[in-house]
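> Got a sequence here, can you build the structure:
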Amino acid sequence: MDNKPGFQGPQRGNRPPFKGQQRDKDPYIINERIRAREVRLVGDNVENGIYSIHEALKLAEEQELDLIEISSTAQPPVCKILDYQKFLYQQKKRQKEQKAKAAKVVVKEIRFGPQTDDHDYNFKLKHAQEFLKEGAKVKAYVFFRGRSILFKEQGEVLLLRFANDLEEIGKLEQMPVLEGKRMTIMMSPKKK
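Below is the predicted model:
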């Protein structure tokens, strides 16, 4: 180490960031950071067309707005003149709306034993009907414990009976499948 006055250890200074490190937290390139010689301007508050970067920056400055690079892969890059903070807010809002519109699939599981009696069967059937009416998928399975795997035919009959009883409100997506110690079926609600 150097003991000269004013030495404060190694510093990054104005060097570029390490490989893999992000330069800015901004998802878009704006104003003077745009490196293209000419850009295609689009939007409401400007005549659409190709402008030199200097002309585009001047137009943005006259309107007291920012020049935002929308598509950097296009030749020449596509830019808009907007208020950058307002633009980011609208982008986040749009993403939030799209996320809310995306269908969320809920899968409810119902477990049977290979020799489930009628009372338990009816109780679970009633729950499955409620789940399907709510719009959730139902995954029903028979769990074979120990030597009960010998009764896999009983398990298959039970699951097919279950699917048959739910036929009015749900449709069978897959026939009974044995996976390890579980035999499963999947039911989805019928479209109204």
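> in the top strand by length along the chain, what counts as buried?
When the chain is parsed with DSSP state E, its longest strand is strand 170-179. If you call a residue buried by 16 or more other Cβ atoms under 10 Å, then strand 170-179 has these buried ones: Gly170, Leu172, Pro176. For glycine as for every other residue, the C-beta is placed from the backbone atoms N, C-alpha and C.
> Name the helix or strand for the residue positioned nearest the centre of the chain, please.
What sits nearest the mean C-alpha location of the chain, by Cα atoms, centre = their mean, is Lys99, with 6.9 Å. Following DSSP states H and E, one finds Lys99 within helix 84-101.
> Next secondary structure after that helix?
By DSSP H and E, the next helix or strand past helix 84-101 is strand 107-112.
> Just the CA trace of the helix or strand following that following strand, in PDB.
Next helix or strand after strand 107-112 toward the C-terminus (DSSP H and E): helix 118-134. Provided in PDB are the C-alpha atoms of helix 118-134 (Å, rounded to 0.1, in the frame of the first residue of the first chain):
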ATOM      1  CA  ASP A 118     -69.200 -44.300   0.000                       C
ATOM      2  CA  HIS A 119     -69.500 -41.600   2.600                       C
ATOM      3  CA  ASP A 120     -65.900 -40.300   2.100                       C
ATOM      4  CA  TYR A 121     -66.300 -40.600  -1.700                       C
ATOM      5  CA  ASN A 122     -69.500 -38.400  -1.600                       C
ATOM      6  CA  PHE A 123     -67.900 -35.900   0.700                       C
ATOM      7  CA  LYS A 124     -64.900 -35.500  -1.700                       C
ATOM      8  CA  LEU A 125     -67.200 -35.500  -4.800                       C
ATOM      9  CA  LYS A 126     -69.100 -32.500  -3.300                       C
ATOM     10  CA  HIS A 127     -65.800 -30.600  -2.800                       C
ATOM     11  CA  ALA A 128     -64.700 -31.400  -6.400                       C
ATOM     12  CA  GLN A 129     -68.000 -30.000  -7.700                       C
ATOM     13  CA  GLU A 130     -67.400 -26.800  -5.800                       C
ATOM     14  CA  PHE A 131     -63.900 -26.500  -7.100                       C
ATOM     15  CA  LEU A 132     -65.000 -27.000 -10.700                       C
ATOM     16  CA  LYS A 133     -67.800 -24.500 -10.300                       C
ATOM     17  CA  GLU A 134     -65.200 -21.900  -9.000                       C
END
